[in-house]
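[1] Below is the structure, and that's it, no one-letter string:
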């Protein structure tokens, strides 16, 4: 997770930023707020704003946000189309238990993934 004030990486179990001392809000509440903001922006077709909010929630480890972020990369909504970034976020969502992401990753491997694997 990143500090909202100084943007430094904070350990998940920390309540304060070790760099600036900023109090860290409840992670689950922050994810809920971000997803609500992102959905409202997406529904209004403000894809750039939606992308930013989903990206922040995805970075906090939310599997639904990771999946939606992958789809935005796939479709170029709020960002440029990027197959590698799409695959990266699909994989993270799948690893975090998102069933649709698991299905899409399985399809990519079964039918041949167009993304070059490392």
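    Structure's in. What do you need? This structure is a prediction, so every number in the text was calculated from the model and none was measured.

[2] From now on I want contacts and neighbour counts done on CA atoms only, so please keep to that.
    OK.

[3] And residue 45, how far from residue 2?
    Using CA to CA, to the nearest Å, residue 45 is found at 27 Å from residue 2.

[4] So between these two, which is more surrounded?
    residue 2 (16 against 13; other CA atoms under 10 Å).

[5] can you tell me the helix or strand for the most centrally placed residue in the chain?
    Centroid-nearest residue in the chain, with CA atoms, centre = their mean: residue 58, separated by 2.3 Å. Per DSSP states H and E: residue 58 is located in helix 47-59.

[6] Can you name the element that comes right after that helix?
    helix 63-75.

[7] Let me know the angle separating that next one from helix 47-59.
    Counting by axes from the mean of the first three to the mean of the last three CA atoms, to 10 degrees, helix 63-75 points 140 degrees away from the direction of helix 47-59.

[8] other SSEs contacting helix 63-75?
    Under the contact criterion of 3 or more CA pairs under 8 Å, 6 or more residues apart in numbering; DSSP states H and E, helix 63-75 touches helix 47-59, helix 83-95.
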